[in-house]
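Q: Compute the structure for the input listed below.
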Amino acid sequence: MTPALQSSPAFQRLAGRYADPLGQARAAKAAGQRVIGRVGATVPVEFILAAGCTPVMLAADLQRATPQADRYVDPELPAETRALCEAALRGDYEGLDLLILSRPYDKLYYFLKELHRSGRAPQMPPFMIHDLMHSQREAVREYNRGRLRALLDRVSRHAVRPVDNAGLREAIALTNRVRALWRRLQALRHEGRLSGVEALQIIGAGLFSHPAEHAADLHACLEAIETGAAAHEGRRARVIAVSAEPMQHLALHSALEHAGGLVVAEDDTWGARAAGMDIADSPDPFDAVFDKLWHDTPSTGVWPPAARHAWLLTQAARPDVDAVVLHVPPSDRLLGWDLPDLLRALRDQGTPATALFHDVQTAAGQAALVREASAFFEAVNSGAVQEMKP
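A: Numbers count the residues shown, from 1 in each chain. The predicted structure follows:
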C-alpha cells in the first residue's frame, strides 16, 4: 500500500465504504433520508441530489452464490446480471425509495418486472428503467430528451423538496467538485503515486456515498498522496485496463498489479472514466445534464464504434502509458466483437496490447491471468513486444 494512504484515516473510511457498498444507504435510511439506487452510469446523480435524496450506485457481488437468480436468469447472461437479480430477490434493496436501472441493464429490468408481477420478488422497491440511447445520431436526440424528462418527473415524485433549476445548479456544482478531485487523482495515478487497487477503492467509494461526504475524504486523500512518497519504486509497466465486465471489484486490478503492472487507468466509469468533463454552466441545467449524459458518459451502447473507442485510443497514446490489457472473460457478450479492431488500432499507433480471457473470479482463472500478464509485462519492459495474444 502507498505509505501516505496506509496512515490516512480518510482512505480507511473510503476503503470501508467500498467494502460495504450499501452501508451508506442503510445509514441514510436510518437517519430518515430518502435513498434512490441506480444501476449504470447514465442515471444522473444530480436529479437525485436536487430532489433532496441520497444516491447510491448498486454493485454486483460476484463472489456470492446466486441460487434464486439461477432459476430465472438465462445462464448465458453475464454473472453481473445474476448477482444483481439475486440481491434483489434476497431483499438487499428493500429499503430503497426508488431503484433506477439504465438501458444496458434492460434484461435485468424485465426479469425483475416479471418476478415482481408474479409475486416472486415481494421485497422489491419501486423500480423503473431509464432508456437513454447512446447512439450519437441526431435522430435520437428528442427521444433521449423525452426519456430524461420522464426520469426527472419520476424522481420528483419521491422528492423531499421540489426539483427546480436552483436545486439542479447546486447539485451540479457539488458533482463537478467531485469530478475535479477525481481528475486530480487521475493525474497522480499517471505519476505512479498510488496503485490501481487503491484508486479503484477511492473512486468506487464515491459512487456508494453522498458526494459532499466523499469530497471531503477524497480531498484529504489527495493531500496525503501529494505530500507523501511515491507508491512504487523500480520499473513497472504502466497499463490501461479494459474489461467486458464493469470494474466494480478489485480482482482484475489485483491480478494485474501482482503480475508486475501498475494500472494507471481503466476504460470504465468505476475507475478513470468516472469524472469525464464537468457539466457545463448553462442557463438551463436540465440541458447541461442531458449533454453530459449523452456525449460524455461511456457505455457499451455508444455508437458508432469509433466514438466508443476514442477515449481508449487517445489515452493509450500518452507517453506515460506503456501498454493496454483487454480482459475478455467467459461472460463477455460485446468486447470480443470489438477486439480485433481494437488490437489492430493499438498496434497501428504503437501501443503494446494483449487480450486475456480468464475468469478472475476463480482462483484458477486469476492464477492463469497473472502468469500471462507477467510474461506480457516482462516483454513490454524489455521492449520486445508490440502485441501478444494467448
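Q: Could you pull out the strands in the stretch 1-150 of the chain for me?
A: 35-39, 54-57, 98-102, 127-130 (DSSP state E, counting those that start in this stretch).
Q: Once you drop chain neighbours, what's closest to the residue nearest to the spatial centre of the chain?
A: In the chain, the C-alpha nearest the mean C-alpha coordinate belongs to residue 270, at 2.1 Å (CA atoms, centre = their mean). Excluding the flanking residues, the one nearest residue 270 by CB to CB, 6 or more residues apart in numbering is residue 247, at 4.4 Å. C-betas here are computed from N, CA, C, even on glycine.
Q: Test my guess that the one you found contacts residue 263.
A: No. Judged on CB atoms under 8 Å, residue 247 makes no contact with residue 263 at a distance of 9.6 Å.
Q: what touches both of the two?
A: The contact sets of residue 247 and residue 263 overlap at 241, 253 (CB atoms under 8 Å, 6 or more residues apart in numbering).
Q: Any buried residues in stretch 131-143, and which?
A: Using 16 or more other CB atoms under 10 Å as the test for burial, stretch 131-143 gives 131, 132, 133, 134, 135, 140.
Q: Also stretch 37-54?
A: Neighbour counts using 16+ other CB under 10 Å place 37-54 of stretch 37-54 among the buried residues.
Q: start to end distance for that stretch?
A: One end of stretch 37-54 to the other measures 8 Å (CA to CA, to the nearest Å).
Q: ok now that stretch, how far from the chain's centre?
A: What separates the centre of stretch 37-54 from the centre of its chain is 15 Å, taken as CA atoms, centre = their mean, to the nearest Å.
Q: now do stretch 365-375
A: With CA atoms, centre = their mean as the basis, stretch 365-375 stands 24 Å off its chain's centre.
Q: Quick check: which helices or strands does the lengthiest helix in the chain pack against?
A: Longest helix in the chain, counting residues (DSSP state H): helix 165-190. Identification of packing neighbours for helix 165-190 by 3 or more CB pairs under 8 Å, 6 or more residues apart in numbering; DSSP states H and E yields helix 45-50, helix 196-207, helix 211-227, strand 261-266, helix 285-295.
Q: With residue 10 as the reference, name the closest of the ones you listed.
A: Checking the helices and strands packed on helix 165-190 against residue 10 by CB to CB gives helix 211-227 as the closest, at 3.6 Å.
Q: which residues touch whichever helix or strand comes after that closest one?
A: Sequence-wise, the next helix or strand downstream of helix 211-227 (DSSP states H and E) is strand 237-243. For strand 237-243, the external contacting residues (CB under 8 Å, 6+ apart) are 190, 192, 196, 247, 252-253, 256, 260-268, 271, 312, 315-316, 320-329, 335, 342, 376-377, 380-381.
Q: Also stretch 284-296?
A: Stretch 284-296 has contacts (CB under 8 Å, 6+ apart) with 42, 44, 46-47, 132, 134, 136, 141, 144-145, 148-149, 152, 165, 168-169, 172, 276-277, 279-282.
Q: The same query, at a cut-off of 7 Å, please.
A: Applying CB atoms under 7 Å, 6 or more residues apart in numbering, the contact partners of stretch 284-296 are 42, 44, 46, 132, 144-145, 148, 165, 168-169, 172, 276-277, 279-280, 282.
Q: I'd like to know which of these are buried.
A: Counted by 16+ other CB under 10 Å, those give 42, 44, 46, 132, 144, 148, 168, 169, 172, 276, 279 as buried.
Q: Closest one of these to residue 347?
A: residue 276 (27.0 Å).
Q: wait, what's in contact with that closest one?
A: With CB under 7 Å, 6+ apart, residue 276 has these contacts: 179, 296, 297.
Q: In ChimeraX, how would I select the buried members of these?
A: Only the buried entries of the contacts of residue 276 go into this ChimeraX selection, using 16+ other CB under 10 Å:
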select :179,297
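Q: Give me the local confidence score for the residue nearest to residue 270.
A: Confidence at residue 247, expressed as pLDDT, is 95.
Q: what residues are up against it?
A: So residue 247 contacts 200, 266, 268, 270, 271 (CB under 7 Å, 6+ apart).
Q: Over to the last one. Which of the three states is it?
A: With DSSP: H, G, I helix; E, B strand; the rest coil as the basis, the three-state label of residue 271 is coil.
Q: Dump the contacts of residue 276 to TSV, plus distance to residue 156.
A: TSV is the format used below for the contacts of residue 276 (distance: CB to CB, whole Å):
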residue	distance to residue 156
179	24
296	24
297	22
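Q: Would you format the contacts of residue 276 as JSON lines with distance to residue 351 and pLDDT included?
A: Shown next, in JSON lines, are the contacts of residue 276 (distance: CB to CB, whole Å; pLDDT from 0 to 100):
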{"residue": "179", "distance to residue 351": "26", "pLDDT": "98"}
{"residue": "296", "distance to residue 351": "23", "pLDDT": "93"}
{"residue": "297", "distance to residue 351": "24", "pLDDT": "85"}
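Q: Appreciated, that's everything.
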